[in-house]
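Chemist: dropping the sequence and predicted coords here.
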There are 2 protein chains.
Amino acid sequence: MTRNSTITLKTIREAAKRIHGYVLRTPVVQSLNVGNLAGAEVFFKCENQQHIGAFKSRGACNAVFSLSEDEAAAGVVAHSSGNHAAALARAAQLRGITAHIVMPHDSATVKIDAVRGYGVEPTFCEPDSDSRQAAADKVIAATGATFIHPFNDERVIAGQGTTALELLEEVPDLDAIVVPVGGGGLLSGTLIAAKSLNPHIKVFAAEPEWADDAFRSFESGSIEAPVRHDTIADGLRTCLGTLTFPVIQELVDEVLLVSEEQIATATLAMMFQAKIFAEPSGAVPLAAVMQNKSRFADQRIGIIVSGGNLDPSTLHRLISGGNT
Amino acid sequence: MTRNSTITLKTIREAAKRIHGYVLRTPVVQSLNVGNLAGAEVFFKCENQQHIGAFKSRGACNAVFSLSEDEAAAGVVAHSSGNHAAALARAAQLRGITAHIVMPHDSATVKIDAVRGYGVEPTFCEPDSDSRQAAADKVIAATGATFIHPFNDERVIAGQGTTALELLEEVPDLDAIVVPVGGGGLLSGTLIAAKSLNPHIKVFAAEPEWADDAFRSFESGSIEAPVRHDTIADGLRTCLGTLTFPVIQELVDEVLLVSEEQIATATLAMMFQAKIFAEPSGAVPLAAVMQNKSRFADQRIGIIVSGGNLDPSTLHRLISGGNT
């Protein structure tokens, strides 16, 4: 049904079947307290409780289990400083194949340890994107491993789309779904799944003002780069990909921008009101709902909580900020 | 099947039917990370995400919806400084009857506001137990309202027992369930439900060393009073009741004591590893599992997370303590 992608509802359903047993069916939690704050009925799809603490497990598992035996034998490779690294290491371990993970040497210790926890010793590189790609290319040349991009990959996008399938199975009559957007894998997968199941459903992207590249791309009609890299929603700092942008451009209803203050408020509201432990990136959709109350008034809203990998120092900063 | 109570599996199943639609079926979340830490398979029953943020909604709803029309017309009354107050106010609002809530004047603002949120203006009293009971008795004399005790009430105990029914429906083959114990309503309800469904299942109570009255009661054979009231697990500071103690004495496998440090560690492990936002009382069972690893090694353990009403200042204290 999408003009701009070969991914269909069928592809996403096949992905759901392929990754069944390797990823969790995460809970959908309704919070009356947060609903009262937001003036709408809100249903949280809790990917913060997914394996590795983020939806990234879905795409990585679908990619790894899509490989032929021959491809799998040569292993997989990715460069990532974040959740995709751990998700791919875990997926490879589940299939019993080799994963090569290129990480900038200044990656967070907790992310490096997560990769090591799945039996992979990362290959370290300089933190710029050229060095990351060069290190990955070197691995590919030496081993023939398959490169798995964190979002610009159809297998990954289809995997991420399974989140929306589950959400709509549990709450079929949603008026809208709100999804955080970084590289756009989760958003484009959600768009294809949700709009195929229900052409009347609205799907909104939520993005930090401080990482407003998707908003600007949607306005200008071509992929724009981020201009700053310091939003607290650290999972959303990347720009869109050539496979995700056209889907977003065609299907998204609107990209909603949120302030850093609203992200902090939403992260704490999720904890103290809904008892959901989300990372700031995962609270960006709630921030968008709270910042656009009239648009969502009295509607039934699905909110995809993308992850829960909040480190103690960030939590300390949030709590000390007094945004409770 | 219990010698010491008229509550049976049938009573608890009737309670489940009665409160259906008024309470949430909360998620059961498995955490591999916490399982690795604990050396066991752990399944969290997330009553932190129950309405009012605690299992107390179950007992309060069962009590209120058990009343005859005549009883209901005269209203209900309770004294509570905590979650039972909000739970009863909410249950009464759902049935459209009057709730009289007696609260010590030094109750936490957040608890007072919660009661007001359900349309009830609390009656304030001095913070000692005689004043609380006297204020409740005065309401009863004036209105004929039914007194609903937070735990020493068969309707309340049966309601709390529905938590274990749901947990065992989702994960029937548990080796053990670990439950926090304060007044013993949740524990005795769990004991009757779980041991009726599976006589081989172990049920452990988890209790702070600093509120070890249930441990001492189990040892001595009669209800012992707490000797200190300063555990961070503030939901577990009360002593057992005349209806809960005999059930616990007959059926519980053991009362496990945990240190304050272990409670803090478990609360933070639940956040950062399992992404579950629990109050310290709700983390006491995990603390007991982590402090008794050899007893639980490689078993499948159900952990009842009793509540998530953690206030910002307590969270700040936990994070600053560096127990991450």
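Modeler: The structure has been received and is ready for your questions. Numbers count the residues shown, from 1 in each chain, chains lettered A, B, ... in the order given.
Chemist: over to residue A:255. Which of the three states is it?
Modeler: At residue A:255 the chain is in strand, as set by DSSP: H, G, I helix; E, B strand; the rest coil.
Chemist: now it: how far from chain B?
Modeler: Separation of residue A:255 from chain B (C-beta to the nearest C-beta, to the nearest Å) stands at 27 Å. Where C-beta positions appear, they are placed from N, C-alpha and C, glycine not excepted.
Chemist: contact partners for that residue?
Modeler: Neighbouring residues of residue A:255 by C-beta atoms under 8 Å, 6 or more residues apart in numbering or on different chains: A:181, A:204, A:205, A:206, A:207, A:214, A:215, A:218.
Chemist: beta-bridge partners for it, please?
Modeler: Bridge pairing for residue A:255 (DSSP bridges) gives the partners residue A:205.
Chemist: stretch A:45-65 - what's its average pLDDT?
Modeler: The average pLDDT for stretch A:45-65 rounds to 97.
Chemist: so how far is that stretch off the chain centroid?
Modeler: In terms of C-alpha atoms, centre = their mean, to the nearest Å, the centre of stretch A:45-65 is found 9 Å from the chain centre.
Chemist: was I right about residue A:286 contacting residue A:42?
Modeler: Yes - counting by C-beta atoms under 8 Å, residue A:286 touches residue A:42, with 7.2 Å between them.
Chemist: now do the contacts for whichever residue of the stretch 1-150 of chain A sits closest to chain B.
Modeler: Going by C-beta to the nearest C-beta, chain B is nearest to residue A:27 of the stretch 1-150 of chain A, at 3.4 Å. Contact criterion C-beta under 8 Å, 6+ apart gives A:46, A:49, B:27, B:29, B:46 as the residues in contact with residue A:27.
Chemist: neighbours of the last one, how many?
Modeler: By the criterion of other C-beta atoms under 10 Å in any protein chain shown, residue B:46 has 27 neighbours.
Chemist: any figure for the gap between the residue nearest to residue A:181 when sequence neighbours are not counted and chain B?
Modeler: Closest residue to residue A:181 apart from its sequence neighbours, by C-beta to C-beta, 6 or more residues apart in numbering or on different chains: residue A:205 at 4.1 Å. In this structure, residue A:205 and chain B are separated by 23 Å, where distance is defined by C-beta to the nearest C-beta.
Chemist: and residue A:205, how far from residue A:38?
Modeler: Applying C-beta to C-beta, to the nearest Å, the value for residue A:205 to residue A:38 is 18 Å.
Chemist: what do you get for residue A:3?
Modeler: Looking at residue A:3 against residue A:38, where the rule is C-beta to C-beta, the gap reads 33 Å.
Chemist: what does residue A:298 give?
Modeler: Taken as C-beta to C-beta, the spacing of residue A:298 relative to residue A:38 amounts to 10 Å.
Chemist: max-length helix in chain A?
Modeler: Scanning chain A for the helix with the most residues, using DSSP state H, yields helix A:154-170.
Chemist: where does the residue lying closest to residue A:232 once chain neighbours are set aside land on pLDDT?
Modeler: Distances taken as C-beta to C-beta, 6+ apart put residue A:280 closest to residue A:232, at 4.5 Å, once the chain neighbours are dropped. Each residue has a pLDDT score; the one for residue A:280 is 96.
Chemist: and the helix or strand of chain A with the lowest mean pLDDT, what does it pack against?
Modeler: Within chain A, judged by mean pLDDT, DSSP states H and E, the helix or strand with the poorest mean is helix A:109-117; its value is a mean of 90. When contacts are defined as 3 or more C-beta pairs under 8 Å, 6 or more residues apart in numbering or on different chains; DSSP states H and E, helix A:109-117 packs onto helix A:83-95, strand A:99-104.
Chemist: please redo it, this time with the cut-off set to 6 Å
Modeler: Counting by 3 or more C-beta pairs under 6 Å, 6 or more residues apart in numbering or on different chains; DSSP states H and E, the packing neighbours recorded for helix A:109-117 are helix A:83-95.
Chemist: do the helix it packs on and chain B meet at all?
Modeler: No - using C-beta under 6 Å from any C-beta of the partner chain, we find that helix A:83-95 stays clear of chain B, coming within 9.7 Å at best.
Chemist: that helix: how far from the chain's middle?
Modeler: Here helix A:83-95 is found 15 Å from its chain centre; the criterion is C-alpha atoms, centre = their mean.
Chemist: any chance you could list what contacts that helix?
Modeler: In this structure, residues lying in contact with helix A:83-95 by C-beta atoms under 6 Å, 6 or more residues apart in numbering or on different chains are A:22, A:52, A:54, A:56-57, A:60-61, A:64, A:76, A:78, A:99, A:101, A:114-115, A:118-120, A:148, A:150.
Chemist: hang on, the earlier thing: which of residue A:286 and residue A:42 has more residues huddled nearby?
Modeler: residue A:286 (33 against 28).
Chemist: which neighbouring elements make contact with whichever strand or helix holds that one?
Modeler: For residue A:286, the host element (DSSP states H and E) is helix A:280-291. Here helix A:280-291 touches strand A:176-180, strand A:202-208, strand A:254-258, helix A:260-272, strand A:300-305, going by 3+ C-beta pairs under 6 Å, 6+ apart.
Chemist: just want the angle from the following helix or strand past the last one to helix B:312-320.
Modeler: Past strand A:300-305, heading to the C-terminal end, the next element that is a helix or strand (DSSP H and E) is helix A:312-320. When axes from the mean of the first three to the mean of the last three C-alpha atoms, to 10 degrees is applied, the directions of helix A:312-320 and helix B:312-320 differ by 150 degrees.
Chemist: touching chain B at all, helix A:312-320?
Modeler: Yes - where contact is defined by C-beta under 6 Å from any C-beta, part of helix A:312-320 touches chain B, namely A:312, A:315, A:316, A:319.
Chemist: report pLDDT for the third one.
Modeler: I take that to be residue A:316. Per-residue confidence at residue A:316 stands at 93 (pLDDT).
Chemist: my guess is it contacts residue B:319, does it?
Modeler: Yes - counting by C-beta atoms under 6 Å, residue B:319 is a contact partner of residue A:316 at 4.9 Å.
Chemist: more neighbours: which of these two?
Modeler: In terms of neighbours (other C-beta under 10 Å), residue B:319 is the more surrounded of residue A:316 and residue B:319; the figures are 22 against 16.
Chemist: how close does the nearest residue to residue A:281 once chain neighbours are set aside get to chain B?
Modeler: Sequence neighbours aside, residue A:235 is the residue nearest to residue A:281 in space, at 3.5 Å (criterion: C-beta to C-beta, 6+ apart). According to C-beta to the nearest C-beta, residue A:235 stands 14 Å off from chain B.
Chemist: does the residue nearest the centre of chain A lie in a helix or a strand, and which?
Modeler: A centroid search over chain A (C-alpha atoms, centre = their mean) returns residue A:186, at 4.8 Å, as the residue closest to the centre. Here residue A:186 is covered by helix A:185-197, with elements defined by DSSP H and E.
Chemist: report the buried residues of that helix.
Modeler: Buried residues in helix A:185-197, defined by neighbour count with 16 or more other C-beta atoms under 10 Å in any protein chain shown: A:185, A:186, A:187, A:188, A:189, A:190, A:191, A:192, A:193, A:194, A:195, A:196.
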